[in-house]
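Visitor: give me coordinates for this.
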Amino acid sequence: MTGIFLQLMKQEGPRSLYLGLTPALTRSVLYGGLRLGLYEPTKVCFDWAFESTNVLVKIASGAFAGAVSTALTNPVEVVKIRLQMNPNAVPIAEVREMVSKEGIGALWKGVGPAMVRAAALTASQLATYDETKRILVKRSSLEEGFQLHLCSSVVAGLVSTLITAPIDMIKTRLMLQQNSGSVRIYRNGFHCGYKVIRKEGPLALYKGGFAIFARLGPQTMITFILCEKLRSLAGLHKM
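Guide: Numbering: from 1, shown residues only. Okay, the predicted model is just below:
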């Protein structure tokens, strides 16, 4: 991670660290809002249907919210990754070129692994945060507030990184490959994972794992702390 950071700064300058920022922010607003917004209503529906709010219901609610959110926002994610790989590209021009050369389906390239990744991420993040809060309130002296939210979000960030790092790596490789039969390496997510393990070993699935945690850990903490505060200001109950 440090080597790539220094190489980017030297060869392309500080601006290269923010390539794809516009679609990344757009996706964050849409995807983040959808998955966090869908979690509570989905949990209420599952509670009504199964008369239970145990950890399995929380996991299922998170998985549903994440998968649906990603299915709707996958084109923005594809554009973001393409812009990060091409410093001189313009978002609209990149979309037009992609659609003209590879078809409209290119915008949903990697959507299967992306949905799996989002389902796993949202389920692990929200369910872990939800359940960790419950356990800490029950078995420690922590009460509803910043310290409880911080501790719970740190645990959620660690668990979600361990679960989603392999899926994230597979999703990225699928999104970067072209549709041309002559250069296509992976047929689907399972084929990609199989080839990576066979050629590079099981630990290759966690390539960039530290970088993922360096982003996902703080992001998880900021997301949940702000979410709890905004819910409180809006008069909503805590998560």
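Visitor: okay, CA-based contacts and neighbour counts for the rest of this
Guide: OK.
Visitor: closest to the centroid, which residue in this structure?
Guide: A118 (5.3 Å; CA atoms, centre = their mean).
Visitor: list the residues that contact that residue.
Guide: Listed by CA atoms under 8 Å, 6 or more residues apart in numbering, the contact set of A118 reads 63, 66-67, 70.
Visitor: any buried residues in the lowest-mean-pLDDT helix or strand in the chain, and which?
Guide: Ranked by mean pLDDT, DSSP states H and E, the helix or strand of the chain with the weakest confidence is helix 21-27, at a mean of 79. Applying a neighbour-count criterion of 16 or more other CA atoms under 10 Å, one finds 23-24, 27 buried in helix 21-27.
Visitor: among the contacts of A118, which one lies nearest to A93?
Guide: Closest approach to A93 among the contacts of A118 (CA to CA): T70, at 22.9 Å.
Visitor: correct me, but the closest one touches R117?
Guide: No. T70 lies out of contact with R117 (CA atoms under 8 Å); the separation is 9.0 Å.
Visitor: any low-confidence regions in the protein?
Guide: 87, 178-183 (pLDDT under 70).
Visitor: do you have the helices of it handy? List them.
Guide: Taking DSSP state H as the test, the helices found in the chain are 2-11, 21-27, 33-50, 55-85, 91-102, 111-139, 146-176, 189-200, 209-233.
Visitor: quick one: distance of stretch 206-219 to the chain centre.
Guide: Distance of stretch 206-219 from the chain centroid (CA atoms, centre = their mean, to the nearest Å) equals 11 Å.
Visitor: okay, buried residues for it please.
Guide: 206, 209, 212-213, 216-217.
Visitor: mind checking how far the residue lying farthest from the centre of the chain is from L148?
Guide: When each C-alpha in the chain is compared with the mean C-alpha position (CA atoms, centre = their mean), S141 comes out farthest, at 31.9 Å. Distance from S141 to L148, counting by CA to CA, to the nearest Å: 10 Å.
Visitor: now swap in A118 and tell me
Guide: Counting by CA to CA - A118 and L148 are separated by 25 Å.
Visitor: cheers, nothing more for now.
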